[in-house]
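Undergrad: A predicted structure for the sequence below; I have some questions about it.
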Amino acid sequence: MENNYKKIIECFCHKCGHNTKHRILFSITKHSEDNDDFWWSTEYCIAECCGCGSITFVTLSNDESNIDYNDDGTAEFVTKYKTYPYQKLIAKEVDDIWTVPSKIWKVYRETLRALNDECASF
């Protein structure tokens, strides 16, 4: 178990509505074994927004498929951040479409919910 009281990451804050700096309050890291065919690592964190003070759960994931190459061709691992229970909204609901029939409105709301809860893949 790790305590990273001084570690700061930038991730999405649902209360602030955008990416902000978060202070890691507690974290634990799990990773693949040395003899596994596929390398991966996930850090599970409890973090506090440095702006509003709200608490969120964040995962920082790396694996051998998350590689990007910079301008000089050097490979770099790209960390994927995921916040819980809320993610950045993919689509916001339109408020003033009151003339839409109720069946279409229901399908529209269900589609937004599926997109924003990551039920759809892109």
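TA: Good, I have the coordinates. Numbers count the residues shown, from 1 in each chain.

Undergrad: which parts of the helix or strand containing I28 are buried?
TA: Here I28 sits within strand 18-31, counting by DSSP states H and E. For strand 18-31, the neighbour count (16 or more other C-beta atoms under 10 Å) marks T20, H22, R23, I24, S27 as buried. C-beta here means a position set from N, CA and C on the backbone, and glycine is covered the same way.

Undergrad: Who are the contact partners of the second one?
TA: Residues touching H22, when contacts are defined by C-beta atoms under 8 Å, 6 or more residues apart in numbering, comprise I8, I9, E10, C11, C13, A47, E48, C49, C50, T56, V58.

Undergrad: Also T83?
TA: T83 neighbours (C-beta under 8 Å, 6+ apart): C11, F12, C13, H14, T56, F57, V58.

Undergrad: Test my guess that D63 contacts W40.
TA: Yes: using C-beta atoms under 8 Å, D63 is in contact with W40, at 3.9 Å.

Undergrad: Could you find the residue nearest the spatial middle of the protein?
TA: K82 (2.0 Å; C-alpha atoms, centre = their mean).

Undergrad: Skipping its backbone neighbours, what lies nearest that residue in space?
TA: Distances taken as C-beta to C-beta, 6 or more residues apart in numbering put T59 closest to K82, at 4.9 Å, once the chain neighbours are dropped.

Undergrad: sec struct for C16, please.
TA: coil (DSSP: H, G, I helix; E, B strand; the rest coil).

Undergrad: List phi and psi for it.
TA: phi -80, psi -30 (degrees, to the nearest 10).

Undergrad: Please look at it and C52 and confirm they touch.
TA: Yes: in this structure, C16 is within contact of C52 by C-beta under 8 Å, at 5.4 Å.

Undergrad: for K106, phi and psi?
TA: phi -60, psi -40.
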